[in-house]
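A.B. asks: Fold the following for me, if possible:
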Amino acid sequence: MRGLGLSCFFLFLGGVVNSQEIVAHRGASYDAPENTLSAFRLAWDKQADAVEGDFYLTADQEIVCIHDKDTKRTAPNQPVFSVADSTLDQLKTLDVGSWKNQRFAGERIPTLGEVLSVVPSGKKILIEIKCGKEIVPELKSQLSQCTLANEQVVIICFDPHVVHAVREAMPQYKANWLTSYREDRSKGRWLPQVDQVIEKLKLSNASGLGTQGRRSVVDEAFCKVIDDAGYEKHVWTVNDADEAKYYSGLGFQSITTDRPAFIRAAIQADSLGSKEKPRLKYQVERQVARNGYDGKECWVHARSGVVREQTEDGISQIVLTSQLLDVKGSDTFSAISSASSLNGGETWSELVPQKGFARWQLGEQMEETICDFVPVWHHATRKLLGTGQSVRYQHGKVMKVRPRYTAYSTYDPASLSWSTPKQLEMPDEPRFRNCGAGSVQRFDEQDGAILLPVYFKVPESNDYSVTVCKCSFDGTDLRYLRHGDEMTVKGGRGLYEPSIAKVNDRYFLTLRNDATGYVCSSKDGLTFSEPKPWTFEDGQSLGNYNTQQHWVRHNEDLYLVYTRRGADNDHVFRHRAPLFMAEVNQDSLTIKRETEIVLVAERGARLGNFGVMELDDSTTWVVVSEWMQTWKQSSVILPVDNPHGADNSIFIAKIKWSEF
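C.D. replies: As a prediction, this is how the structure comes out:
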């Protein structure tokens, strides 16, 4: 193992609020097939403020979502239908997803009603009319029956006469006239010119202008004319970061893009750079502790713990634990390995397998070891205590129905080794026969008591439950004393991989579920509120699911470290990268969106298994390794020469707190 230089700095500069709405063009069409329900749903995951879709009237007076006048482009190698001359039933026979990616096979052309049904509260839809005025009566009828508020619907069209008809029939909705531009080379100008644009806006009685993003036309002078005439201005279709910053600077009310998350991030970064910077709460220094990948094994579950000297704040060693994974299998782990640093993590010894953690035989063709190991300093006994859980293999594969227990081990700084793991004895009841503390974050009280979250179930059942165990530890033995509320949700394996933290005399618990992450709180660390799904402060889903989350604390502030959808990361297994951190609103148990940063960037590999270590009062570490398995290739194995550059690096994100 070799220590490498510090890779980069990221300074967190505080909250920024976008002044532009981000509109997903034909849905999130960069990643999903345009104008499909998958594209529209994905747009919400990517934090779009609105979606834009194209609509035609069919021969049987249905309104369908498709851009072209026929189906040739989005339904290749199938019968070609003219939309206006075909019935809905005919159009519904076509697969309009496979051309984009086989995982969208079977996607059908949606109706207007189906698209309207997936627009959430507080979001908007831009309905682009691709045919003539004949659609207006049916459009009026369908919109009158939908549940969306008037302000959630905007109608757009290139034909000023259609826009005028919409405004006459449905004055309660905004309607924008759209324009592109062509170059008149003989006269050295672009058409229409701005005065002609104003004429068309007046003719159409439009609410605003939807302009093509063309810098040679749309400049500050152009925008001033539109603003002075009292029209809103919106721009399409912007997929370049610099272009987005340009139109953001000109004050456009919305930016339409195929890449909503990417463009939002570009505008946020530009806004941060252009504003007076508020006081820093922290800076992040990233280090690569080791890297290198042979395509056969990779290091996973990388976490760190600190060994303190006799003085409370002194540090004698930092310990790094990880274990090798056979990338051909599923959770096929080797023994936990350990490395140490005597210089604050600048360099590291080799990762050495721990003898007591080598797989042991339980019978013919059955083995067991410990995984999901987390080391934490126990101040009362001055011991580095690690907890994890057992995993059992039969014929070399993880047993589907198996017992599980919490394992623990202590570190000897003199020999640089971990003791043979012991089993935490739980009540002898069926529900605790599959019970582990794998990948959890515990909390140690001042009196030495340990609050250890675990998840458990009867081995044959489906849904896990979570509880917090109060334990004692005397430096040698960890003992169960009692446990608190037993919490679960139905579906997706219930709740598991919990983590607990305490801030301001209040305990917080974050929990994994296959569909979404959950959070709850407690006054005593054992009795918790009803778990609620993680959301941003505005009520929108955080987009975290099927992976762990952990806490970062500093003084009276609480932060969550997590992964989520909606970060141009559909190529990453379960969206488990990049690794984000954001501040928690402790009153509402929500995430402050404007505080979100990328703690560790994604390179195609997942980063969902990680650990948090409080080094001292001024520094917190988040340690994570690149897990070199995926799902969208002929093999689950990420190749050595993968396109995003992942190389099984173990990253250390050092959060350095600023006091003010």
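A.B. asks: Stretch 473-483 - what's its average pLDDT?
C.D. replies: The average pLDDT for stretch 473-483 rounds to 98.
A.B. asks: what's the span of it, first residue to last?
C.D. replies: Start and end residues of stretch 473-483 are separated by 15 Å (Cα to Cα, to the nearest Å).
A.B. asks: can you check stretch 340-349 too?
C.D. replies: When the termini of stretch 340-349 are compared using Cα to Cα, they are 6 Å apart.
A.B. asks: residue boundaries of the strands in the stretch 1-150 of the chain?
C.D. replies: If you assign secondary structure with DSSP state E, counting those that start in this stretch, the strands in the stretch 1-150 of the chain sit at 6-11, 21-25, 50-57, 63-65, 124-129.
A.B. asks: Of those, which is nearest residue 339?
C.D. replies: Of all those, the one in closest proximity to residue 339, counting by Cβ to Cβ, is strand 6-11 (18.4 Å). (Each C-beta comes from the backbone N, C-alpha and C, glycine too.)
A.B. asks: And the strands of the stretch 1-150 of the chain, which one averages the lowest pLDDT?
C.D. replies: Note on these: lowest mean pLDDT is at strand 6-11, with a mean of 33.
A.B. asks: if we can go back for a sec, so which of the strands of the stretch 1-150 of the chain is nearest residue 362?
C.D. replies: Proximity to residue 362 (Cβ to Cβ) singles out strand 6-11 among the strands of the stretch 1-150 of the chain, at 42.9 Å.
A.B. asks: and the closest residue to residue 70 other than its chain neighbours, what pLDDT?
C.D. replies: Excluding the flanking residues, the one nearest residue 70 by Cβ to Cβ, 6 or more residues apart in numbering is residue 82, at 5.0 Å. Predicted confidence (pLDDT) for residue 82: 97.
A.B. asks: so residue 82 makes contact with residue 72?
C.D. replies: No. The pair residue 82 / residue 72 is not scored as a contact, 9.8 Å apart, by Cβ atoms under 8 Å.
A.B. asks: So for these two, which residues contact both of them?
C.D. replies: Residues within reach of residue 82 and of residue 72 at once, by Cβ atoms under 8 Å, 6 or more residues apart in numbering: there are none.
A.B. asks: sorry, back to before: which of the strands of the stretch 1-150 of the chain is buried the deepest?
C.D. replies: Burial among these, expressed as mean neighbours by mean count of other Cβ atoms under 10 Å, is greatest for strand 21-25, which shows a mean of 26.
A.B. asks: Which neighbouring elements make contact with that strand?
C.D. replies: Applying 3 or more Cβ pairs under 8 Å, 6 or more residues apart in numbering; DSSP states H and E, we find strand 21-25 packed against helix 37-45, strand 50-57, strand 124-129, strand 232-236, strand 254-257, helix 260-274.
A.B. asks: ok, that strand: who's next to it in the sheet?
C.D. replies: Pairing partners of strand 21-25, with direction, according to DSSP bridges: strand 50-57 (parallel), strand 254-257 (parallel).
A.B. asks: what's the angle from it to strand 232-236?
C.D. replies: If you take axes from the mean of the first three to the mean of the last three Cα atoms, to 10 degrees, strand 21-25 sits at 40 degrees to strand 232-236.
A.B. asks: Local confidence estimate at residue 5?
C.D. replies: As summarised for this prediction, residue 5 has a pLDDT of 31.
A.B. asks: what's the answer for residue 102, then?
C.D. replies: Reported pLDDT for residue 102: 88.
A.B. asks: same deal with residue 275?
C.D. replies: Residue 275 is assigned a predicted lDDT (pLDDT) of 45.
A.B. asks: same check, this time on residue 313
C.D. replies: pLDDT recorded at residue 313 is 58.
A.B. asks: quick thing: my sequence starts at 13, can you match it?
C.D. replies: In the new count, where the first residue is 13, that last one comes out as residue 325.
A.B. asks: re the thing from before, now the strands of the stretch 13-162 of the chain in CSV, please, with extra columns for distance to residue 527.
C.D. replies: Rendered in CSV, the data for the strands of the stretch 13-162 of the chain read as follows (distance: least, Cβ to Cβ, whole Å):
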stretch, distance to residue 527
strand 18-23, 31
strand 33-37, 22
strand 62-69, 22
strand 75-77, 27
strand 136-141, 25
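A.B. asks: Tell me which of those lies nearest to residue 154.
C.D. replies: In terms of Cβ to Cβ, the element of the strands of the stretch 13-162 of the chain nearest to residue 154 is strand 75-77, at 6.4 Å.
A.B. asks: Helices of the stretch 413-562 of the chain, start to end?
C.D. replies: According to DSSP state H, counting those that start in this stretch, the stretch 413-562 of the chain carries no segments that qualify as helices.
A.B. asks: Helix or strand for residue 330, just tell me which one.
C.D. replies: With the criterion set as DSSP states H and E, the secondary-structure element containing residue 330 is strand 327-338.
A.B. asks: Parallel or antiparallel, which strands does the very next helix or strand once past that strand pair with?
C.D. replies: On the C-terminal side of strand 327-338, the closest following helix or strand by DSSP H and E is strand 345-353. Strands flanking strand 345-353 in the sheet, each with its direction: strand 327-338 (antiparallel), strand 364-365 (antiparallel) (DSSP bridges).
A.B. asks: how about the longest one: buried residues?
C.D. replies: Using 16 or more other Cβ atoms under 10 Å as the burial criterion, the residues of strand 327-338 that qualify are 327, 329-337.
A.B. asks: Tell me the one of those residues nearest residue 71?
C.D. replies: Residue 71 has its nearest neighbour among these in residue 337, at 56.8 Å by Cβ to Cβ.
A.B. asks: now the farthest one out in the chain, which residue is it?
C.D. replies: Of all residues in the chain, residue 198 has its C-alpha farthest from the mean position, at 51.2 Å, by Cα atoms, centre = their mean.
A.B. asks: what's around residue 208, how many residues?
C.D. replies: Residue 208 has 11 neighbouring residues, counting by other Cβ atoms under 10 Å.
A.B. asks: where does it land in three-state SS?
C.D. replies: With DSSP: H, G, I helix; E, B strand; the rest coil as the basis, residue 208 sits in helix.
A.B. asks: if we can go back for a sec, nearest to residue 434, of the strands of the stretch 13-162 of the chain?
C.D. replies: Nearest to residue 434 among the strands of the stretch 13-162 of the chain is strand 18-23 (38.0 Å), distances taken as Cβ to Cβ.
A.B. asks: Quick one: the helices and strands packed on strand 33-37 as CSV, columns for distance to residue 522 too.
C.D. replies: What follows is those, written out as CSV (distance: least, Cβ to Cβ, whole Å):
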stretch, distance to residue 522
helix 49-57, 20
strand 62-69, 30
strand 136-141, 31
strand 244-248, 39
strand 266-269, 32
helix 272-286, 23
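A.B. asks: and residue 512, which of these is closest to it?
C.D. replies: The minimum distance between residue 512 and the helices and strands packed on strand 33-37 falls on helix 49-57, with 28.1 Å, by Cβ to Cβ.
A.B. asks: Strand 62-69 and that closest one, what's the angle between them?
C.D. replies: Helix 49-57 and strand 62-69 meet at an angle of 160 degrees, taking the same axes, to 10 degrees as the criterion.
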